[in-house]
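Peer 1: here are the coordinates; sequence isn't available:
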DNA sequence: CATGAATGAGTTTTCATTCAT
DNA sequence: CATGAATGAAAACTCATTCAT
């Protein structure tokens, strides 16, 4: 009946992750998570201090990855793309995406993060989004009066990630799907700006 | 101090709507809604049978509008757009969007619907999404093996609506913003297919 | 079945007071308090925000009385008593004790305060005790090297109050009992100092 | 790292004693005791049957000492003291207190016993207190109508012990402090009776 | 209509105790 | 002996809902 420590820990985390994805963190109940992890509520507290610790364990690596991404990718000396060199640029991105940490971002826990309504992660998330908006603003040479536009496009980029993740394919398929949608989004953006 | 019956009903609905938007339906508490509506929890139950009745009152018209939209707009004899006639097509849509029920869809309650995790509305929402996917599949002459792609694009379309609504501008501005993002999205789609 | 609001509020407070006296605040359970107050746990939360609010409602007036007492009675221009004028001094005190707020201190809740192990009241209590020690130090013309002695005597004074209160007699009897023990304590102190 | 059996047993007892003194028996948690004893909760149960067994091990010797004291000291053929021979009497007590089991009573566990709110020790404690009251009643030639007075004085005697113990000085200092307060208490008692 | 008291099941969390290893 | 995983009951507190007034 007894499972080895690390196994159960993973089972609990997996159950929590599924519940958080399904119901959202705030609506998930420890009782249900315990049941899904084939253990008791009390026992979960041997592995995690409290409900938020479950969230923390899942999201802290994600936040760290987001910060890495921001530091490494959101650098302002990149070229900006036009319709003329966009194909070329995509080839570059296509290669990068295989090499960089982009793929580490492809984690369902991102969806938990983006659905959160409470906790301090909301602020961390918004801080990242602000950076992403600034990055995109630079790339697209946007004026301040286009800020609403910018906001929407950035969110669509996020949703692009979101929906790729919801497909739950294998990493390679996920990457391709992401590139397909990303390309479409960028093409639209650049064409319209022209 | 006493408010007329219909007024209070609206106040309650408005408070519920704001709470549902802020916290999500499942995380909203009747106590807070009552407080925001300047009435008591008990009194809410004179106007609405239960918590779900609040949701129903808010979402049923939205569902009805979605169904109208599906019946009227998702008809298969529409022209499909190519890069060559896209400008012309947009002028048409631009006109339609002013005349048709599109504008009635521009209702924050849509956001409540799209954030729901439980209740039967999830199924109604998914049914509408399926229709929307089929519609888009036709427009874009997609093959079955592109279904993942299709799914993502449809969701992005939804998010386009979502984020326009979150801007909370006046109707005319909202419509323009929507058209801007919609045009970008479509341009990307069509260009890529070319 | 329904009791008027203020009645039940008092019932709950009385039940809490008895439980706190019996088991100590930390060991008292809301469930038991509810049962003793003939209501449900949930209902207590209509009257009081949480368990500590029960304590606060009981102890805040006590703290206030202690502060009044300290301000009014712990004044340093009092005469100090010697064995020679002690009888005379007692007559004075006997009168004062009838007129001043001393009698308001004769509240069982003092016992709750003195048994507390946690919460911020511990600090408030100790602050008062420090003042009382200083007051007694002045009266008894104590030197610093007698501080241990002082501490003990002050605590015995407190216990004098404590045990008078535990007798649960009517106010007049309580006052007399207090004076009897107080006189004994002071006589011992003064005689020994001589 | 491993400690010899008897050593660990003592460590656990010491940790329990400190916790019981700090938080009271009822508020102490086995988890904290285990941590303070540098062992695990489970392991405590190899040495002691349950939480109450910890208490029993600490308090049974104390109870036994109290019973010895009662049998040996609470004998009714003692002299009774008056104001005239009190100095002489104190010299006697001062000697006795060094020789007799009085010193064995000077055990912090007494404080645990006097703070207990539950368990059968409450009854044992009260039984001892009753004997002590009877003893003091005899010494002071009290009438029945002075029983309230008696109760208080006995409790003050207990508190006298309590506060001496809380000072945590070395045995000799403790004895002297006790004598100082004890003398003051008795002087007051006897003088007043006069 | 309106109030807010009342209920009971739900929530997260803690705790003494047991048990497999 | 020792570990720490596991359990189940109890803790404080919340919440949708009902009902007396």
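Peer 2: Ah, there it is. Note that the structure is predicted; figures quoted are calculated from it, not measured.
Peer 1: break chain A into its domains for me.
Peer 2: Annotated domains of chain A cover A:1-48, A:59-193 [automatic domain parsing].
Peer 1: distance from the longest one to the middle of the chain?
Peer 2: The reference is to domain A:59-193. Domain A:59-193 sits 9 Å away from the centroid of its parent chain (CA atoms, centre = their mean, to the nearest Å).
Peer 1: swap in the shortest one?
Peer 2: Distance, stretch centre to chain centre, for domain A:1-48: 22 Å (CA atoms, centre = their mean).
Peer 1: how about it, does it get close to chain B?
Peer 2: Yes: counting by CB under 8 Å from any CB of the partner chain, chain B is contacted by domain A:1-48 at A:22-24, A:26-27. For glycine as for every other residue, the C-beta is placed from the backbone atoms N, C-alpha and C.
Peer 1: as JSON lines, the domains of chain A with mean pLDDT, distance to chain D and mean neighbour count would be great.
Peer 2: Shown next, in JSON lines, are the domains of chain A (pLDDT from 0 to 100; distance: least, CB to the nearest CB, whole Å; neighbours: other CB atoms under 10 Å in any protein chain shown):
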{"stretch": "domain A:1-48", "mean pLDDT": "91", "distance to chain D": "11", "mean neighbour count": "16"}
{"stretch": "domain A:59-193", "mean pLDDT": "77", "distance to chain D": "26", "mean neighbour count": "16"}
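Peer 1: and those as JSON lines, adding distance to residue B:116?
Peer 2: Below are these laid out as JSON lines (distance: least, CB to CB, whole Å):
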{"stretch": "domain A:1-48", "distance to residue B:116": "10"}
{"stretch": "domain A:59-193", "distance to residue B:116": "12"}
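Peer 1: with distance to chain C added, can I get those in JSON lines?
Peer 2: JSON lines is the format used below for the domains of chain A (distance: least, CB to the nearest CB, whole Å):
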{"stretch": "domain A:1-48", "distance to chain C": "19"}
{"stretch": "domain A:59-193", "distance to chain C": "20"}
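Peer 1: so which of these gets nearest DNA strand F?
Peer 2: Within those, the stretch nearest DNA strand F is domain A:1-48; the backing value is 2.4 Å (CB to the nearest atom of the strand).
Peer 1: circling back: which two from the residues of domain A:1-48 next to chain B end up farthest apart in space?
Peer 2: The span of these, defined through CB to CB, is set by A:22 and A:26 at 12.3 Å.
Peer 1: any idea how far residue A:13 is from residue A:19?
Peer 2: Distance, residue A:13 to residue A:19, by CB to CB, to the nearest Å: 11 Å.
Peer 1: I meant to write residue A:128 there.
Peer 2: Distance from residue A:128 to residue A:19, counting by CB to CB: 24 Å.
Peer 1: what does residue A:27 give?
Peer 2: As judged by CB to CB, residue A:27 and residue A:19 stand 9 Å apart.
Peer 1: likewise for residue A:115?
Peer 2: Applying CB to CB, the value for residue A:115 to residue A:19 is 12 Å.
Peer 1: distance of residue A:182 from DNA strand E?
Peer 2: 36 Å (CB to the nearest atom of the strand, to the nearest Å).
Peer 1: ok, now residue A:125?
Peer 2: According to CB to the nearest atom of the strand, residue A:125 stands 21 Å off from DNA strand E.
Peer 1: again with residue A:126
Peer 2: In this view, residue A:126 and DNA strand E are 24 Å apart by CB to the nearest atom of the strand.
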